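Student: model this:
(one chain, ligands or ions: 1)
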Amino acid sequence: MNDQEVLDHPFIKKIGKDVLNPATTVDFIKERLLSSIYKNRQLGGFLTEQSFIAGLGNYLRCDVLFVAKIHPSKKPSELSGEQINQLSQTILDLPRQSYNTASITNNLDKVEKLLAQGSTLEDARFWVFRRDGLPCYDCGTTLIKQKMGGQACYLCENCQKI
Ligand SMILES: [Zn+2]
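Tutor: Residues are numbered from 1 along each chain as shown. I've put the predicted structure just below:
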């Protein structure tokens, strides 16, 4: 079996790896994104599928794509090598930060400042998730909500260009 066949194996397809497992690497995510199963599918549609990787909830899907500055309608095959690297790293980093901080995906220094200015943790913890109608933390554009993969996807149309 070559690597592609291993990734395409029905058992592997079905379970996915856990994003919090230290054995899950950036290279694994990259291979997964570029595998025949996922490369021509919209990221917003499959990132929360347990068969892609276990542990990415909807808030992580939205915030991962925002941090990587990638529009949810993009497919892995449309991204540059640099974008694939950035996205793969973020798919690992953000859930791990979230796990260690009671579900904060936003930049931790920024959250501290926002809390000092009177924000609630609920308002400060996410980059874009459930922040539609509010300004993007990076560029000030009003964030929007789109239905994708059966769930609401939150994004900044300026930071995440199609
Ligand atoms: Zn923005």
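Student: Next up, the contacts around the most centrally placed residue in the chain.
Tutor: A centroid search over the chain (C-alpha atoms, centre = their mean) returns residue 64, at 2.6 Å, as the residue closest to the centre. Contacts for residue 64 were tallied using C-beta atoms under 8 Å, 6 or more residues apart in numbering; they are 47, 56, 87, 90, 91, 94. Glycine gets a C-beta too; all of them are placed from N, C-alpha and C.
Student: Can you give the contact residues for stretch 42-58?
Tutor: So stretch 42-58 is contacted by 13-20, 24, 29, 32, 38, 60-61, 64-65, 70, 72-76, 87, 91, 95, 129, 146, 148-149, 151-153 (C-beta under 8 Å, 6+ apart).
Student: residues in contact with stretch 125-138?
Tutor: Counting by C-beta under 8 Å, 6+ apart, 58-59, 62-63, 66-67, 103-106, 110-111, 141-145, 154-156, 158-159 sit against stretch 125-138.
Student: What does the pLDDT read for residue 12?
Tutor: Here, the pLDDT recorded for residue 12 equals 49.
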